[in-house]
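Student: Okay, predicted coordinates and the sequence, questions at the end:
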Amino acid sequence: MIITAYGTGLVENTVRTLEASDIKNYLKPGQRVAVKPNLVLSSPASEGATTHPEIVEGIILFLKAYGVGEICIMESSWVGDSTRRAFKVCGYEALSKKHGVPLFDLKADSCTSAAYGGLRMEICSAALNADFLINVPVLKAHCQTRLTCCMKNLKGCIPDREKRRFHSLGIHRPVAVLSKLLRTGYNVVDGVCGDLTFEEGGNPVESNRIIAGRDALELDSYCAGLIGYRPEEIEYLMMGAELGVGKLFSPETELIELNPEHKPRHVKGSERLAERYKKNIREDSRFKPTSASNSFTRSFLRCASYISWIIMPSAMISPTVMRGLSDAYGSWNMICAFFA
């Protein structure tokens, strides 16, 4: 079952989506629930990279009405950014205070070693020990995997050293195995305005939809189609199917639409722009700009960061390199502004 709600009332639509879903078949009122949004970087949701706090607020309201008393929000931003800063910038600090729901930075958590299919990895213990994990990813494009949604969002539940290792292992198989080891209770996808060209945001595409379901693989394969990809074009989806993570979306999948009168007539698919940088861009790079005006600026900086990883794989970037990157960043912004 996949539920989709359309419209701009995010809090209300999230509550309605969960009420119409089959989540009550799996969730018990006395369970400890962890909500895991995508706060990969310190950027407001309107930029197209992070989860809208209004959607998480709707989840909290639903859970409290259902009788769940112990709720927390957990996340680990990418290497090079601060989760605590992301909590503040993305609106989760205010959300936490409003509803009395604690925030948990997984970067400070202990880890548990787990293995499947010959691949061993460390997973944050708090995520593994939650009675019920609600995964709240953003539907958007990604420079290395083409799609990032439910399965890849779980990468925020591993320590930074594992995030680096995932990329050295080709990222697709580790993501699939992680989804086998860390099972989510339910998934609520933020399909409001994800960036369909690059995972860091900056070019949001408005579609105003919330998509929910139990099966992360089924949701991901459905969402891949929404942005112009076939499931077989996303390696970790096919690997997930082989590992038994779930089932792929099919014509037999039950689809329920709420507020269909607000369904967008046309939402452009991924332009596949990010794929141009796939060979030169490494996620979780050590240098991160505080702000960037467009995807090309981000791409330039991440390419520079990638080079620094090769030159200095075991050391932090030196002040000289940092100054050079900063100068390059300023020059590139001037060029972009001139031709804008």
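Tutor: On my side now, so go ahead. Predicted model only: the values in this text are computed from it and were never measured.
Student: With just CA atoms, put stretch 166-183 into PDB.
Tutor: In PDB, the C-alpha atoms belonging to stretch 166-183 read as follows (Å, rounded to 0.1, in the frame of the first residue of the first chain):
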ATOM      1  CA  PHE A 166      30.300   3.200   2.000                       C
ATOM      2  CA  HIS A 167      31.600   5.300  -0.900                       C
ATOM      3  CA  SER A 168      34.900   3.300  -1.100                       C
ATOM      4  CA  LEU A 169      32.700   0.200  -1.500                       C
ATOM      5  CA  GLY A 170      30.700   1.700  -4.300                       C
ATOM      6  CA  ILE A 171      27.800   2.900  -2.100                       C
ATOM      7  CA  HIS A 172      25.000   0.800  -3.800                       C
ATOM      8  CA  ARG A 173      25.600  -2.600  -2.100                       C
ATOM      9  CA  PRO A 174      26.200  -1.000   1.400                       C
ATOM     10  CA  VAL A 175      23.000   1.000   1.100                       C
ATOM     11  CA  ALA A 176      21.100  -2.200   0.200                       C
ATOM     12  CA  VAL A 177      22.600  -4.200   3.000                       C
ATOM     13  CA  LEU A 178      22.000  -1.400   5.500                       C
ATOM     14  CA  SER A 179      18.300  -1.500   4.600                       C
ATOM     15  CA  LYS A 180      18.300  -5.200   5.300                       C
ATOM     16  CA  LEU A 181      20.000  -4.800   8.700                       C
ATOM     17  CA  LEU A 182      18.100  -1.600   9.900                       C
ATOM     18  CA  ARG A 183      14.400  -2.200   9.200                       C
END
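Student: For it, buried residues please.
Tutor: By 16 or more other Cβ atoms under 10 Å, the buried positions in stretch 166-183 come out as 166, 171-182. Heads up, the C-betas are built off the backbone N, CA and C, glycines and all.
Student: Among those, which ones are in helices?
Tutor: Counted as lying in helices by DSSP state H, out of these, are 166, 172-181.
Student: So of these, which two are at opposite extremes in space?
Tutor: Of all pairs drawn from those, the greatest distance, 15.4 Å, lies between H172 and L181 (Cβ to Cβ).
Student: Tell me the spacing between Y222 and V245.
Tutor: 14 Å (Cβ to Cβ, to the nearest Å).
Student: circling back to that earlier point, ok, so of the buried residues of stretch 166-183, who is nearest S110?
Tutor: L182 (15.0 Å).
Student: Next one: that closest one relative to A216, how far apart?
Tutor: To A216, L182 is 10 Å away according to Cβ to Cβ.
Student: Likewise for L243?
Tutor: Using Cβ to Cβ, we find L243 at a distance of 12 Å from A216.
Student: Quick one: neighbours of the closest residue to M1 other than its chain neighbours, just the number.
Tutor: Nearest non-adjacent residue to M1, counting by Cβ to Cβ, 6 or more residues apart in numbering: E254, 4.7 Å away. Using other Cβ atoms under 10 Å, E254 has 9 other residues around it.
Student: next one: A94
Tutor: 12.
Student: Name the residues of the helix or strand where E57 lies that are buried.
Tutor: Using DSSP states H and E, E57 falls within helix 53-66. By neighbour count on 16+ other Cβ under 10 Å, the buried set for helix 53-66 is 53-63.
Student: Which strands or helices does that helix pack on?
Tutor: Using 3 or more Cβ pairs under 8 Å, 6 or more residues apart in numbering; DSSP states H and E, the elements in contact with helix 53-66 are helix 10-20, strand 32-37, strand 70-75, helix 92-99, strand 132-136, strand 186-191.
Student: Not counting its own residues, what contacts that helix?
Tutor: With Cβ atoms under 8 Å, 6 or more residues apart in numbering as the test, helix 53-66 has contacts from 10-15, 17-19, 24, 27, 29, 33, 35, 37, 45, 71, 73, 90-92, 94-95, 98-99, 101, 134, 136, 188, 190, 192, 210.
Student: From those, list the buried ones, please.
Tutor: Among the contacts of helix 53-66, those scoring as buried are 10-11, 13-15, 17-18, 27, 33, 35, 37, 45, 71, 73, 90-92, 95, 101, 134, 136, 188, 190, 192, 210 (criterion: 16+ other Cβ under 10 Å).
Student: Tell me where the model's unsure across this protein.
Tutor: 198, 266-340 (pLDDT under 70).
Student: can you give me the helices in it?
Tutor: Using DSSP H, helices in the chain cover 10-20, 53-66, 83-89, 92-99, 125-129, 150-153, 160-168, 172-181, 216-226, 235-243, 295-311, 319-339.
Student: what's the spacing between K152 and D190?
Tutor: K152 is 14 Å from D190, by Cβ to Cβ.
Student: what do those two both touch?
Tutor: By Cβ under 8 Å, 6+ apart, K152 and D190 have these common neighbours: P137.
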